[in-house]
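[1] Sharing a model prediction with you, sequence too.
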Amino acid sequence: MFGALLLIRSNPELAPVAYVFVGLPIVFVLDAFLVFRTRLEIDGSGISQTHYWSSWAYPWSEIAGWSLHEMSSRGPNLVAIELHFVAGGRQKITPALVRYKDANYLQVRDSLVRYLGPPRPQQG
């Protein structure tokens, strides 16, 4: 960071380049920090997600089912989960929460099976 500031001071026409070297890492660090602020809650009343740019909550009575999409073409063990509503429409669960087949994925999958039954078959 100090190197970028020194570059700006010594060569003002390179300021935009220096700002990229300072600003871009800050944006990545902020985004990573904010991803960890994402919460997904699943209980007897329904499912809710709180995230820094969007939040939503749905009771189980509004959800008709769910689907699990294997995204192996984008990497090993990648998954996406979508909720399907009784009134039509879908809601994706934030990939930061459920992206890899890990402990988070297993907890979410098991909870959805408990409250909604097995996932719908994948659409081709």
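    Sure, I can see it. Residues are numbered from 1 along each chain as shown.

[2] domains of the protein?
    2-34, 39-116 (automatic domain parsing).

[3] which stretches of this protein have low pLDDT?
    1-9, 11-12, 14-15, 18, 31-37, 72-77, 94-101, 122-124 (pLDDT under 70).

[4] what secondary structure does Trp66 sit in?
    Using DSSP: H, G, I helix; E, B strand; the rest coil, the structure places Trp66 in strand.

[5] Next one: it from Phe21, what distance?
    Trp66 sits at a distance of 43 Å from Phe21 (criterion: C-beta to C-beta, to the nearest Å). In this view, the C-beta of every residue, glycine as well, is placed from N, C-alpha and C.

[6] And for Ile81?
    In terms of C-beta to C-beta, Ile81 sits 37 Å off from Phe21.

[7] more neighbours, Trp66 and Phe21?
    Trp66 (23 against 13; other C-beta atoms under 10 Å).

[8] where's that one relative to Pro59, distance?
    14 Å.

[9] got the buried residues for stretch 38-45?
    38, 40, 42 (16 or more other C-beta atoms under 10 Å).

[10] who does whichever helix or strand the last one is part of pair up with?
    What that stands for is Ile42. For Ile42, the host element (DSSP states H and E) is strand 39-43. Next to strand 39-43 in the sheet, as set by DSSP bridges, lie strand 46-50 (antiparallel).

[11] Report the buried residues of the very next helix or strand once past the strand it pairs with.
    Next helix or strand after strand 46-50 toward the C-terminus (DSSP H and E): strand 55-59. Within strand 55-59, the residues scored as buried using 16+ other C-beta under 10 Å are Tyr58.

[12] can you map out the strands along the protein?
    Counting by DSSP state E, one finds strands in the chain at the ranges 39-43, 46-50, 55-59, 63-70, 79-85, 90-92.

[13] Of the ones you listed, which is nearest Asp102?
    Nearest to Asp102 among the strands of the chain is strand 79-85 (9.8 Å), distances taken as C-beta to C-beta.

[14] the inter-axis angle of the closest one versus strand 46-50?
    Calculated by axes from the mean of the first three to the mean of the last three C-alpha atoms, to 10 degrees, strand 79-85 forms an angle of 120 degrees with strand 46-50.

[15] Alright, I will stop here.
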